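S.K.: no sequence for this one, just the structure:
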């Protein structure tokens, strides 16, 4: 038996509830999958990182050990488990292992502590990190029955050694006549807190230019928005993500009218879905978004407008019906949106709040029921419910990207509670779906099941196609 193996056995025999004291003499960090022959190895007093995160980031992350190297077994195990969790929160590593080994560095180890006659056991902690294979560049081109678009995204990961993510995006949209009717560009910066990377500061700016879009009046205008906030992640079976922040918006139309808005925005995402390839087959996802306007005004007239609260609720649940080879999966997708207008800041509080204060870009839009072209926009609310049965073709692999779906869809947009109780739009049909990491195809045939005057209720095919390039 080798000496190294003997050391490991000696250490593994220590009871986690033992009162034996341990002293961490040094911490070594090894990033797997990286050519260390081209990297600069820094030799520090208590920490020996190879590459990647900066020295200052590592020191803050490992402060619970560096500042207190003398701990009992139970405390050290808990401390290292917490460090492992924090490293996972950076999003830079796909796997993390922490190994303890007996150390030959005994110079600084105290002879005894807390009245104990037993000398603490010197240890070296080895943290092995496997980097996550991020895609820096992605471009997606999509074509559907109504428009064509191209979106590119470029991300810079950890360029400052602080586990930050800097993202750039740009996109254009063309109508059916292949005329440019929208373009946008954006920048986002996500910066984790070194001592606790589950907290991340988020800064995002976006510019959108809309030209001759029939959904908006005035048809031509642009918008510049900036948001700043804090995101909190938890690592459990539903992976909660919570965000709170402030949003600042300026909108200008062709007549040089300017609109300003400040809002407090919040979002919560819960997700425990399981996938085969890109298809969810089990679990649920819940997303709640809320925007509370703090102020909005017309810059030219200096008139303050009503504030409002805009709530968006989305949920989906998936469950296999025939689990063998994941043949049939049942899915239910729901959405509910509601805008509540607050009091008029220019009135004495006795009038009824008006929905005219809601800008067209803040309105609710139902992206169309298959087979319908309903009244797509609302200043009050909308709901949508869609049921799906997804069938995997026989003699194909369980990870096959091809599915056949049967669906039923019901939804409505409304401008008051009376409209909400009226007959909604119904449709049903079937789809052929191909969905992978580089391509998505949706070919659907829909049949309207309701006849409303605001709908163009005609059966027919619709299609959508998207290609991603890395």
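M.R.: On my side now, so go ahead. Everything numeric here is computed off the predicted structure, so don't read it as measured data. Numbers count the residues shown, from 1 in each chain.

S.K.: Would you map the helices across the stretch 301-450 of the chain?
M.R.: For the stretch 301-450 of the chain, the helices defined by DSSP state H, counting those that start in this stretch cover 417-420.

S.K.: Tell me the helices and strands packed up against the helix or strand where residue 243 lies.
M.R.: Residue 243 is part of strand 241-253 when elements are defined by DSSP states H and E. Counting contacts by 3 or more C-beta pairs under 8 Å, 6 or more residues apart in numbering; DSSP states H and E, strand 241-253 is packed against strand 221-233, strand 258-271. C-beta here means a position set from N, CA and C on the backbone, and glycine is covered the same way.

S.K.: which other residues reach the first one?
M.R.: What that stands for is strand 221-233. Contacts with strand 221-233, where a contact means C-beta atoms under 8 Å, 6 or more residues apart in numbering, come from 89, 190, 198-210, 239-254, 265, 361.

S.K.: Likewise for the last one?
M.R.: Strand 258-271 is contacted by residues 227, 229, 238-252, 283-300, 359, 362 when judged by C-beta under 8 Å, 6+ apart.

S.K.: can you rerun that using 6 Å?
M.R.: Contact partners of strand 258-271, identified using C-beta atoms under 6 Å, 6 or more residues apart in numbering, comprise 238-245, 247-252, 285-297, 299.

S.K.: Make a PyMOL selection of the buried ones in the residues you listed.
M.R.: To isolate the buried members of these in PyMOL, using 16 or more other C-beta atoms under 10 Å:
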select buried, resi 241+243+245+247+249+251+252+285+286+287+289+290+291+293+296+297
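
S.K.: Low-confidence stretches in the stretch 351-470 of the chain?
M.R.: Flagging of the stretch 351-470 of the chain using pLDDT under 70 yields the residue ranges 351-356, 366-378, 454-458, 469-470.

S.K.: State the distance from the nearest residue to residue 110 once chain neighbours are set aside to residue 126.
M.R.: Leaving out its chain neighbours, the residue that sits closest to residue 110 by C-beta to C-beta, 6 or more residues apart in numbering is residue 120, at 6.5 Å. Using C-beta to C-beta, to the nearest Å, residue 120 is found at 19 Å from residue 126.

S.K.: Which one's more surrounded, those two?
M.R.: For residue 120 and residue 126, the more surrounded residue by other C-beta atoms under 10 Å is residue 120, and the numbers stand at 22 against 16.

S.K.: Can you read off the backbone torsions of the more buried one?
M.R.: In terms of degrees, to the nearest 10, the main-chain angles of residue 120 are phi -60, psi 150.

S.K.: quick one: strands adjacent to the host helix or strand of residue 94?
M.R.: Using DSSP H and E, residue 94 sits within strand 93-102. When pairing is defined by DSSP bridges, strand 93-102 lines up against strand 121-131 (antiparallel).

S.K.: Okay, buried residues for the partner strand please.
M.R.: Using 16+ other C-beta under 10 Å as the burial criterion, the residues of strand 121-131 that qualify are 121-127, 129-131.

S.K.: Flag the shaky bits of the stretch 1-150 of the chain, pLDDT-wise.
M.R.: Confidence mapping of the stretch 1-150 of the chain against pLDDT under 70 gives the ranges 1-19, 32-51, 112-117, 145-146.

S.K.: Where do the strands of it begin and end?
M.R.: Listed in chain order, the strands of the stretch 1-150 of the chain (DSSP state E, counting those that start in this stretch) span 21-31, 47-49, 70-72, 93-102, 121-131, 137-144, 148-157.

S.K.: closest one to residue 441 among those?
M.R.: Among the strands of the stretch 1-150 of the chain, strand 137-144 comes nearest to residue 441, with 10.1 Å by C-beta to C-beta.

S.K.: Which strand runs longest in this structure?
M.R.: When the chain is parsed with DSSP state E, its longest strand is strand 279-298.

S.K.: need the longest helix for this structure.
M.R.: As assigned by DSSP state H, the longest helix anywhere in the chain is helix 73-89.

S.K.: what about that helix, distance to the chain center?
M.R.: 25 Å (C-alpha atoms, centre = their mean, to the nearest Å).

S.K.: before we move on, what about stretch 164-171?
M.R.: Distance of stretch 164-171 from its chain centroid, counting by C-alpha atoms, centre = their mean, is 14 Å.

S.K.: what sits against residue 191?
M.R.: 164, 201.

S.K.: try 7 Å this time
M.R.: Residues near residue 191 by C-beta atoms under 7 Å, 6 or more residues apart in numbering: 162, 164, 200-201.

S.K.: Could you do residue 70 as well?
M.R.: Neighbours of residue 70 in contact, by C-beta under 7 Å, 6+ apart: 21, 23, 110, 113, 120.

S.K.: Recalculate using a threshold of 10 Å.
M.R.: 21-24, 76, 109-110, 113-114, 120 (C-beta atoms under 10 Å, 6 or more residues apart in numbering).

S.K.: Pick the one among those closest to residue 435.
M.R.: When the contacts of residue 70 are compared for distance to residue 435 (C-beta to C-beta), residue 76 wins out at 45.9 Å.

S.K.: and the gap between the nearest residue to the closest one once chain neighbours are set aside and residue 85?
M.R.: Taking C-beta to C-beta, 6+ apart, and ignoring the residues beside it in sequence, residue 76 has residue 22 as its nearest neighbour in space, at 5.3 Å. Applying C-beta to C-beta, the value for residue 22 to residue 85 is 20 Å.

S.K.: quick one: which of the two has more around it?
M.R.: Comparing residue 22 with residue 85 by other C-beta under 10 Å, the one with more neighbours is residue 22, at 22 against 14.

S.K.: shouldn't the more buried one be in contact with residue 110?
M.R.: No: with contact defined as C-beta atoms under 10 Å, residue 22 does not count as touching residue 110 (11.8 Å).

S.K.: Kindly point out which residues are neighbours of both of the two.
M.R.: What both residue 22 and residue 110 touch, as defined by C-beta under 10 Å, 6+ apart, is the set 69-70, 120.

S.K.: As TSV, those with distance to residue 142 would be great.
M.R.: Listed next are those as TSV, based on distance: C-beta to C-beta, whole Å:
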residue	distance to residue 142
69	55
70	59
120	62
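
S.K.: Relative to the whole chain's centre, how far out is stretch 389-408?
M.R.: 26 Å.

S.K.: Between the two ends of it, what distance do you get?
M.R.: One end of stretch 389-408 sits 9 Å from the other (C-alpha to C-alpha, to the nearest Å).

S.K.: Offset the numbering so it begins at 25, please.
M.R.: Right, with 25 as the first residue, what we last looked at is stretch 413-432.

S.K.: That stretch: which residues count as buried?
M.R.: For stretch 413-432, the neighbour count (16+ other C-beta under 10 Å) marks 413-414, 416, 424-427, 429, 431 as buried.

S.K.: now, the most widely separated pair of these?
M.R.: Checking the buried residues of stretch 413-432 with C-beta to C-beta, the most distant pair is 424 and 431, at 19.4 Å.

S.K.: Outline the domain layout of the chain.
M.R.: Domain assignment for the chain by automatic domain parsing gives 27-155, 172-284, 297-494.

S.K.: Redo those as TSV? Include distance to residue 162.
M.R.: Output for those, formatted as TSV (distance: least, C-beta to C-beta, whole Å):
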stretch	distance to residue 162
domain 27-155	16
domain 172-284	5
domain 297-494	6
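
S.K.: Thanks a lot, see you next time.
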